[in-house]
Structures are given as structure tokens and as C-alpha cells.
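J.: Here's a sequence, model it:
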Amino acid sequence: MNILLLGKNGQVGWELQRSLAVLGRVTALGHDEADFTQPQAVAATVRAHKPDVIVNAAAHTAVDKAEGEPGHARLLNATTPGLLAEAAAQLGAWLVHYSTDYVFDGSGDRPWTEIDAPAPLSVYGATKLEGEQLIQHSGCRHLILRTSWVYAARGGNFAKTMLRLAQERERLTVIDDQWGAPTGAELLADVTAHALRHLQARPQDGGVYHCAAGGETTWHAYAKWVIEYARKASEAIKIKAIEIAPVPTSAFPTPAWRPLNSRLDTHRLQATFGLTLPHWQQGVSRMLTEIL
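T.: Presented below is the predicted three-dimensional model:
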């Protein structure tokens with residue numbers, strides 16, 4: 001299998017370099033080699049490589065920044081992926097693409113399914129949804145994985161931020177009315193590799209799927225769990241925080257509105273590909289063990 005990976009230096013892209021290696025030859029390109037602000041050039045690069053599979057891990061993920069630069073966000077999240085899909089259709093290649101819970105409005109408390117109607121609240125969510133639609137309308141064989149609350153040991157993440165603040169302050173305030181499941185880049189990468197192997201035998205199983213770790217939590221409960229884990233796991237971590245106070249989303253105004261309900265129903269993914277997605281605490285504890 002000849003695989004072309006785009007966005008190799010991001011959290012998910014970095015893990016994909018590892019997970020995809022068992023499937024065949026992987027050519028991994030970063031921003032310098034595949035600049036998503038130049039969609040025609042990216043499409044030409046894809047056609048030149050003639051891959052069997054294109055895995056797109058590149059995106060505009062700065063949610064608040066996207067509100068002030070909608071054209072740039074649309075270019076990276078919709079226009080260029082749309083041209084990738086057209087190139088994939090011409091080549092007869094698979095396109096794997098990652099999307100987000102932000103395509104939904106975050107209402108209710110039921111996990112979102114693949115057949116629920118999208119209603120994005122932000123530029124980021126709207127451009128990611130448009131990217132999905134362009135891929136679907138291109139006619140290419142595709143796998144779109146919607147996910148949420150992505151983290152990795154490499155680079156910054158919420159857990160690292162909470163640990164740093166817990167060593168600096170006696171009181172922390174953390175949002176407690178947003179619900180989701182912290183999902184490791186490592187898990188996304190492993191699911192991708194497993195799904196691609198499956199799709200070689202059953203191409204009819206392509207489409208849109210939700211992929212997130214098991215269980216659910218709030219940012220507040222997540223922070224408490226991480227800090228308590230670090231307190232027990234490492235004497236080198238000197239936790240100063242005495243109080244971790246819950247606050248509503250309204251306490252931290254941001255340019256982009258965050259969905260309150262980011263729960264994703266993953267039953268379709270697990271049933272189709274024969275997977276069991278681990279509880280979010282399993283991946284987070286492994287990440288913490290690595291960084292502590």
C-alpha cells in the first residue's frame with residue numbers, strides 16, 4: 001500500500017507516521033512540502049505521488065483565531081480538502097480525513113450519532129463541516145473520523161496546562177458544563193490503521209464515523225483527575241493547588257462558542273470495524289506516565 005500522509009508534524013500526524021508504517025510505504029509531508037494555503041499545488045503534489053491512500057491530518061485548529069480569519073480557515077479546512085478529494089477520485093485512492101464534534105451545536109445531553117443533523121456554532125465548525133461535504137460530494141472513496149478533545153504527549157495539551165497551573169496557584173477555576181471524552185492522538189492513529197486494513201477487504205464500509213475514547217467527563221472533572229493522578233504518581237510534582245473550583249462556560253468568554261455537549265456515539269465505528277474503544281482515563285494515564 002502506497003500511503004501519502006499530509007500534516008505529519010501535528011499531534012495526530014506524528015502518531016500516524018508510526019501506526020501507518022505497518023501497512024506499507026508511507027510518504028509523510030509537512031507544511032513546507034504541502035502548504036494548504038496553496039490548494040492547487042497540494043493537489044498537484046498528490047497526483048505526482050499517485051498514492052493508494054491519502055491521509056489528511058492537516059487543518060486549521062485554532063478555534064478562536066478562526067473567528068477572525070474565516071477565509072483562511074475555510075481554505076485549510078474546506079477548499080484544500082475538497083481538492084484533495086477530487087485528486088483522490090481521479091486516482092482511485094482512499095482519502096482519510098479528520099473532523100470534529102464542533103459540526104454540532106452542543107445541545108442536549110445525548111451522544112451525537114452520525115445521522116444527527118449538523119449545526120455548527122463557530123467558523124471552525126462550519127469550515128470543518130464544509131470540508132466533510134466537499135469530500136462526500138467528490139465521489140472519492142473516503143473515511144471521515146469525527147473526534148473531540150484531542151491530546152498527545154507531544155506538544156501542548158489541557159492536562160499539561162492544568163499541571164503547570166496546579167504547581168503555580170492555590171486555586172484553579174475550570175469549566176464544568178462542557179461534556180466530552182479526552183481522545184488521544186495515539187488512539188486516533190491506531191484506529192485509522194485498523195480501519196484502512198479493514199477497508200481494503202470491505203470498501204463498502206467507508207463513510208463518516210465518530211471516534212472518541214470511552215466514557216465522558218467535564219473539563220473540571222478531567223482537571224481534578226489529572227492533578228490527583230500526578231500527586232500520587234510523582235514526588236517531583238509539587239502540587240500547590242488546594243481548590244479546583246467549577247465554573248460555567250460563561251466565566252471564560254471566547255471569540256468562538258464551545259459546544260456544551262461534545263459527547264460522540266461511537267457504536268457504529270466499533271460495530272463496523274470490530275473495535276473496543278478504551279475509557280478516556282486509560283489513554284490519559286498512559287500519557288501522564290510518559291510526561292511526568
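
J.: where exactly do the helices run in the stretch 51-200 of the chain?
T.: Secondary structure of the stretch 51-200 of the chain, counting by DSSP state H, counting those that start in this stretch: helices at 63-68, 70-74, 80-91, 123-138, 158-168, 185-201.

J.: packing partners for the very next helix or strand once past the last one?
T.: If I follow you right, that is helix 185-201. Moving toward the C-terminus from helix 185-201, the next helix or strand (DSSP states H and E) is strand 207-210. With contacts taken as 3 or more Cβ pairs under 8 Å, 6 or more residues apart in numbering; DSSP states H and E, strand 207-210 sits against strand 141-147, helix 267-273. In this view, the C-beta of every residue, glycine as well, is placed from N, C-alpha and C.

J.: In its sheet, which strands sit next to the first one, and in what direction?
T.: Taking DSSP bridges as the criterion, strand 141-147 pairs within the sheet with strand 94-100 (parallel), strand 207-210 (parallel).

J.: mind listing what's buried in the shortest one?
T.: Just to be clear, that refers to strand 207-210. 208-210 (16 or more other Cβ atoms under 10 Å).

J.: Show the average pLDDT along that strand.
T.: Averaged over strand 207-210, pLDDT sits at 98.

J.: same thing with stretch 192-201?
T.: If you average the pLDDT values across stretch 192-201, you get 98.

J.: Can you get me a residue count around the closest residue to L91 other than its chain neighbours?
T.: In space, and not counting its chain neighbours, L91 is closest to K50: 6.1 Å by Cβ to Cβ, 6 or more residues apart in numbering. The tally of other residues near K50 (other Cβ atoms under 10 Å) stands at 12.

J.: do you know how far L16 is from V46?
T.: 16 Å (Cβ to Cβ, to the nearest Å).

J.: An error on my part: the question was meant for A221.
T.: To V46, A221 is 42 Å away according to Cβ to Cβ.

J.: same check, this time on N77
T.: Counting by Cβ to Cβ, the gap from N77 to V46 is 17 Å.

J.: These two: which has the busier surroundings?
T.: A direct count of neighbours by other Cβ under 10 Å for N77 and V46 places N77 higher, at 29 against 25.

J.: pretty sure the more buried one is touching H60, no?
T.: Yes: here N77 reaches H60: they are 5.2 Å apart, a contact under Cβ atoms under 8 Å.

J.: Any idea how many residues pack against the nearest residue to L23 once chain neighbours are set aside?
T.: Distances taken as Cβ to Cβ, 6+ apart put M1 closest to L23, at 5.0 Å, once the chain neighbours are dropped. Counted with other Cβ under 10 Å, the neighbours of M1 add up to 15.

J.: Next up, the contacts around M1.
T.: M1 is in contact with 23-25, 52-53, 196, 200, counting by Cβ atoms under 8 Å, 6 or more residues apart in numbering.

J.: That one and E186, how far apart?
T.: As for M1, its distance to E186 is 21 Å (criterion: Cβ to Cβ).

J.: and what of R197?
T.: As judged by Cβ to Cβ, R197 and E186 stand 17 Å apart.

J.: Between the two, which has more neighbouring residues?
T.: E186 (22 against 13).

J.: Which of the contacts of M1 are buried? Put it as a PyMOL command.
T.: Buried residues among these (16+ other Cβ under 10 Å), as a PyMOL selection:
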select buried, resi 23+52+53+196
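
J.: need the contacts of M1 in JSON lines with distance to S250, can you?
T.: What follows is the contacts of M1, written out as JSON lines (distance: Cβ to Cβ, whole Å):
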{"residue": "L23", "distance to S250": "46"}
{"residue": "G24", "distance to S250": "49"}
{"residue": "R25", "distance to S250": "50"}
{"residue": "D52", "distance to S250": "48"}
{"residue": "V53", "distance to S250": "44"}
{"residue": "L196", "distance to S250": "42"}
{"residue": "Q200", "distance to S250": "48"}
